[in-house]
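Undergrad: Give me a model of this one.
(one chain, ligands or ions: 2)
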Amino acid sequence: MRSEVFKIESEDQTRRFGERLAALLERGDVVGLRGDLGAGKTFLAGVVARAVGVPEHVPVNSPTFTLINEYYGGRFPLFHLDLYRLGSPSELYDLGLWEYYEGDGVCLVEWCDRFSDLWPDQALVLTIELGEGENRTILATGEGRGARLVEQLAE
Ligand SMILES: Nc1ncnc2c1ncn2[C@@H]1O[C@H](COP(=O)(O)OP(=O)(O)OP(=O)(O)O)[C@@H](O)[C@H]1O
Ligand SMILES: [Mg+2]
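TA: Ligands and ions are numbered 1, 2, ... in the order given. This is a model prediction of the structure:
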């Protein structure tokens, strides 16, 4: 397990963090986004989407009710999930979540800690802590491929 803390003082720094992450991502990667309401999970997902080439006219917003948004037109398909409203693990299976996690795109998963026993162990997990104003801290953790991403983010 590798972990690293990133201090963020502005939206622009979050944007730069997201752009660096986007440059490191490869097909098959899974990134969990944790943090309270308004922490910036969807903001970060939007930055990553643009940075991998998803066109501006494709809206990036929390798939709170749809559970999954699929974005095409970038370097790889990007799947944006939000597990907040998921009622039970069986819904995960109904959704075919594993096909997304094991597919050839990249998954960004808001509220990934719901049903965490179904969470892939090679994922990168980003926990965003709210501070005053635009201040945030991002805790990045991961094992295997996730740990490699943490290391590269810290370089
Ligand atoms: N440093 C920062 N990084 C990210 N967002 C910031 C920052 N400073 C201010 N913001 C603002 O905080 C808000 C974050 O909202 P966002 O929808 O991304 O949160 P969220 O974590 O997805 O919440 P929810 O759980 O409700 O979906 C945005 O309006 C963004 O402009
Ligand atoms: Mg959100």
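Undergrad: Could you grab the helix/strand/coil label for H80?
TA: strand (DSSP: H, G, I helix; E, B strand; the rest coil).
Undergrad: which residues does it contact?
TA: 45, 49, 60, 63, 68-71, 107-108, 110 (CB atoms under 8 Å, 6 or more residues apart in numbering). Every residue, glycine included, has its C-beta placed from N, CA and C.
Undergrad: Find the residue closest to it in space, skipping its chain neighbours.
TA: In space, and not counting its chain neighbours, H80 is closest to N69: 4.3 Å by CB to CB, 6 or more residues apart in numbering.
Undergrad: host element of the one you found?
TA: Under the criterion of DSSP states H and E, N69 resides in strand 68-71.
Undergrad: residues touching the closest residue to S3 other than its chain neighbours, list them.
TA: Once flanking residues are discounted, S3 sits nearest to T141: 4.2 Å by CB to CB, 6+ apart. Taking CB under 8 Å, 6+ apart, we find T141 in contact with 1-3, 124-125, 127, 150.
Undergrad: again, 10 Å this time
TA: When contacts are counted by CB atoms under 10 Å, 6 or more residues apart in numbering, T141 touches 1-5, 32, 34, 123-127, 147, 150.
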